[in-house]
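Trainee: For reference, the sequence and a predicted model appear below.
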Amino acid sequence: MYSEKKTKDLLANLNPAQKKAVLATEGPVLIVAGAGAGKTKTLTHRIGHIMEGGVPGGAILAITFTNKAAKEMRERVFALLGAEGMVGGFGRRRDLPFIGTFHGLGISILREKGEAIGIPKSASILAQDESLKLIKQSMVKAGVDPKQFEPRKVQGLISRHKGNLGTPDTIEQTTNNRYLATTLKRVFVLYEEALRSANVLDFDDLLEKTVKLLQSHEEILRYYQTQWQYIHVDEYQDTNQVQYQLVRLLAGKTKNICVVGDSDQNIYSWRGASIANILNFEEDYPGARVILLEQNYRSTQNILSAANTVIAKNTMRKQKKLFTENVAGEKLSLFAGYDETDEARFVAMRIAALLSSGARPNEVAILYRTNFQSRVLEEALLFAGIPYQVLGVRFYERKEVKDVLSYLKAARNPNSPFDLERVINVPARGVGKVTLMKILAGEADKLPATMRAKVALFYALLEKIKHAEETMKPSVLIAFIIKETGIERILSDGDEEDTERLANVRELVSVATRYDVFEGEEGIEQFLADVALESDQDTMKGEVDAVRLMTIHASKGLEFPYVFITGMEQDLFPSRRSRDESKDQSEQEEERRLFYVALTRAAKKVFLSYASFRTIFGSRTVNIPSEFLDDLDQALLVNESREGEAFPENTFKSNGKRVSLLGWDEDNDSVVYI
């Protein structure tokens, strides 16, 4: 029942804008929530307030994107309701709100009503690798050469099409390349048939089939519209077409829908997220109330001032300006490194200084635009003895990097089963498990003539690499392997992810240049030995108290007291691709939104850095600073520089003080200084 005291408790410790959002319970509401503005607190208190007004919990729906976010929201709502310990899940309870992910919602609806469109309750859900396997089988049936169309790329294109509520018939309407469209259609049809015959759903089906169910069965749609009378959507700026349509269908005629988001944090267009969904909310829901959450509880005012200045240059956004009652804080530091090694050494030194002053390693994050940048940063941290953890895959553990290394090792040792198994189908050669077993058993002569020819070509390639090793320097040899094996060709014509993979293998060429000074095979031997040592140093895996390294995309939703944003160079950040004039305005502005997200991850201090020279694919490039640095108010910046030659190499000047590192003392859990 309604409790005036409970309502007062729910409104306590909320700022005026948050209170306004909590009390706006009827009709469409758009909460434009800036970074660190307490959006989760606002949402959870709003749900609590609605229930205190007499609405049963089962009439409330709250959906977000990640299990982590859904779990946090559930725990906080249930704590407000005095229902701690309730974990929620895919199922629904009449007395509690449904709080989960979009895909969790789809699972729930399809399990309840999916039989209406031929989806039995027993239908299982494919993992991504299982889906890929089915894509490959469908390609074989369609007569599509996996050498011409990489299966993972085909999987991504079909996934994106499903996210846009497409069908095999609409592929031709949305794909400019007629041959590609015809090929995709054949594979798509066979893939869907395979899913149906196996009684399985892929990840995209959980939303696409749910929307089609609601669109085709009005009585089922009315059932859910009646059940969920108050709908909440978190991170609305990240919704794609199928998620957008699902929300519109469930909102129905009453349109009791509250969405929370920030157009300035739309950074996933390459996944299908459409910034138009949040920008057009008031057109989609006439009479909608718009509430701005602009008070930031995370960052210092100097960080927010920098972020506000940067994002103000974008035009496709909901206007807002973050402010805080926190202290002004330190200025942002800017370091101009000579090259990427110099930049990485600076980052390690400054982290060491932070740790010596009492900061913990897990309070520090190093962000970068693309994954290949992590390699030199990891090396600097390893040298400094600073514990770290890479969110994502370590550089030498990335598939494409391991593929190149395995080719080199297999050429040197053709009897290595691990390396042969890894690369014999890179690119795809149609070598199955049985064939591989015969090859490894030395029975290749028993294979059919066609397969014997393929295997012979593979071994000839290994012999070619082995012969090249005798005359080529390590960096030239690695570049040779990338080209001769077909890895470069596969990745060159791909999407943004393939472009990043190509950058990673080319970074391996840059690594190898340092071994070019060795004579003969000694350079390659030393190179492989050092790589093996570094790739095996995975002791920080699972370590909680460690510096975090990640791409800026991966940092969204996280926060750290100290954030290093590296590689602030034109054509790296912003990327060259984003500056392509063929890109639409939203895509061009997305890079600036990405910088805004990076800045607002920090609570206390931001360190910016760039390298005047950077070795990419074995070639040294001359860089100019990122245009984003020009966007910043120079009064908010302080330049940091290397100490003069009179001091050791590992010495920097910061705020007038000399900083010099010897390493991390694990016994005393502290930094050791000169």
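Mentor: In hand now; what should we look at? Numbers count the residues shown, from 1 in each chain.
Trainee: got the contact list for Glu421?
Mentor: Residues near Glu421 by C-beta atoms under 8 Å, 6 or more residues apart in numbering: 436, 440. From N, CA and C alone the C-beta is placed, and that goes for glycine too.
Trainee: My reading is that it lies in a strand. Confirm?
Mentor: No - membership of Glu421 in a strand is not supported by DSSP: H, G, I helix; E, B strand; the rest coil, which gives helix.
Trainee: Got phi/psi on the nearest residue in space to Asn623 that is not next to it in sequence?
Mentor: Distances taken as C-beta to C-beta, 6 or more residues apart in numbering put Glu569 closest to Asn623, at 4.1 Å, once the chain neighbours are dropped. As for Glu569, its main-chain torsions (degrees, to the nearest 10) stand at phi -130, psi 140.
Trainee: do Ala35 as well
Mentor: Main-chain torsions, Ala35, degrees, to the nearest 10: phi -60, psi 130.
Trainee: Can you report how many residues lie near the closest residue to it other than its chain neighbours?
Mentor: Spatial nearest neighbour of Ala35, chain neighbours left out: Thr600 (3.6 Å); criterion: C-beta to C-beta, 6+ apart. Neighbourhood size, Thr600 [other C-beta atoms under 10 Å]: 31.
Trainee: before we move on, what about Ala328?
Mentor: Counted with other C-beta under 10 Å, Ala328 comes out at 13.
Trainee: Am I right that it falls within a helix?
Mentor: No - looking at Ala328 with three-state DSSP, it is coil, so not inside a helix.
Trainee: picking that back up, okay but the residue nearest to Ala35 is in contact with Asp262, surely?
Mentor: No - the criterion here is C-beta atoms under 8 Å, and Thr600 misses it with Asp262 at 9.7 Å.
Trainee: residue contacts, Lys473?
Mentor: Contact analysis of Lys473 by C-beta under 8 Å, 6+ apart lists 515-516, 523.
Trainee: Cross the residues you listed against helices and list the overlap.
Mentor: Mapping those onto helices (DSSP state H) picks out Gly523.
Trainee: which among the contacts of Lys473 end up buried?
Mentor: Using 16 or more other C-beta atoms under 10 Å as the burial test, the contacts of Lys473 include 515, 523 as buried.
Trainee: Format the contacts of Lys473 as CSV; extra columns: pLDDT and distance to Val347.
Mentor: Putting the contacts of Lys473 into CSV (pLDDT from 0 to 100; distance: C-beta to C-beta, whole Å) gives the following:
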residue, pLDDT, distance to Val347
Tyr515, 84, 24
Asp516, 87, 26
Gly523, 82, 28
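Trainee: measure the residue nearest to Ala35 to Thr324 for me?
Mentor: Thr600 sits 11 Å away from Thr324, going by C-beta to C-beta, to the nearest Å.
Trainee: And for Ala312?
Mentor: Taken as C-beta to C-beta, the span from Ala312 to Thr324 is 17 Å.
Trainee: and Glu497, how many residues sit next to it?
Mentor: 14.
Trainee: And the pLDDT at it?
Mentor: Note on Glu497: pLDDT of 75.
Trainee: what helix or strand does it sit in?
Mentor: Element membership of Glu497, judged by DSSP states H and E, is helix 496-512.
Trainee: and the longest strand seen in the chain, what does it pack onto?
Mentor: Ranked by number of residues, the top strand in the chain under DSSP state E is strand 602-616. Strand 602-616 is packed against helix 301-311, strand 332-339, helix 340-356, helix 496-512, strand 560-565, strand 619-622, with contacts defined by 3 or more C-beta pairs under 8 Å, 6 or more residues apart in numbering; DSSP states H and E.
Trainee: The shortest one: partners in the sheet, and parallel or antiparallel?
Mentor: In the sheet, strand 619-622 lines up against strand 602-616 (antiparallel) (DSSP bridges).
Trainee: related to what we said a few turns ago, report the beta-bridge partners for the residue nearest to Asn623.
Mentor: With DSSP bridges as the criterion, Glu569 is bridged to Pro625.
Trainee: which residues does the residue nearest to Ala35 contact?
Mentor: For Thr600, the contact set (C-beta under 8 Å, 6+ apart) comprises 34-36, 296, 298-299, 303-304, 307, 322.
Trainee: Neighbour count, pLDDT and distance to Arg46 added to the residues you listed, as a markdown table?
Mentor: What follows is these, written out as a markdown table (neighbours: other C-beta atoms under 10 Å; pLDDT from 0 to 100; distance: C-beta to C-beta, whole Å):
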| residue | neighbour count | pLDDT | distance to Arg46 |
| --- | --- | --- | --- |
| Gly34 | 27 | 91 | 17 |
| Ala35 | 24 | 91 | 19 |
| Gly36 | 22 | 92 | 18 |
| Asn296 | 23 | 93 | 20 |
| Arg298 | 22 | 95 | 21 |
| Ser299 | 28 | 96 | 24 |
| Ile303 | 31 | 97 | 28 |
| Leu304 | 25 | 96 | 25 |
| Ala307 | 26 | 95 | 26 |
| Leu322 | 25 | 93 | 21 |
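Trainee: Please give the element, helix or strand, for the residue positioned nearest the centre of the chain.
Mentor: Compute the mean C-alpha point of the chain, and by C-alpha atoms, centre = their mean the closest residue is Ala554, 4.1 Å away. Assigned by DSSP H and E, Ala554 belongs to helix 552-555.
Trainee: Likewise for Phe480?
Mentor: Applying DSSP H and E as the criterion places Phe480 in helix 474-484.
Trainee: Tell me how many other residues surround the closest residue to the residue nearest to the centre of the chain other than its chain neighbours.
Mentor: Spatially, and ignoring its direct neighbours in sequence, Ala554 is nearest to Leu391 (5.3 Å; C-beta to C-beta, 6+ apart). Residues lying near Leu391 (other C-beta under 10 Å) number 13.
Trainee: circling back to that earlier point, more crowded one of Ala312 and Thr324?
Mentor: Thr324 (21 against 15).
Trainee: got the residue ranges for the strands in the stretch 51-200 of the chain?
Mentor: Applying DSSP state E, counting those that start in this stretch to the stretch 51-200 of the chain gives strands spanning 60-64, 98-101, 124-125, 200-201.
Trainee: Just the mean pLDDT for the last one, thanks.
Mentor: Throughout strand 200-201, pLDDT has a mean value of 82.
Trainee: what's the distance between stretch 293-312 and the middle of its chain?
Mentor: How far stretch 293-312 lies from its chain's middle: 23 Å, per C-alpha atoms, centre = their mean, to the nearest Å.
Trainee: Quick check: end-to-end length of it?
Mentor: Stretch 293-312 has an end-to-end distance of 17 Å (C-alpha to C-alpha, to the nearest Å).
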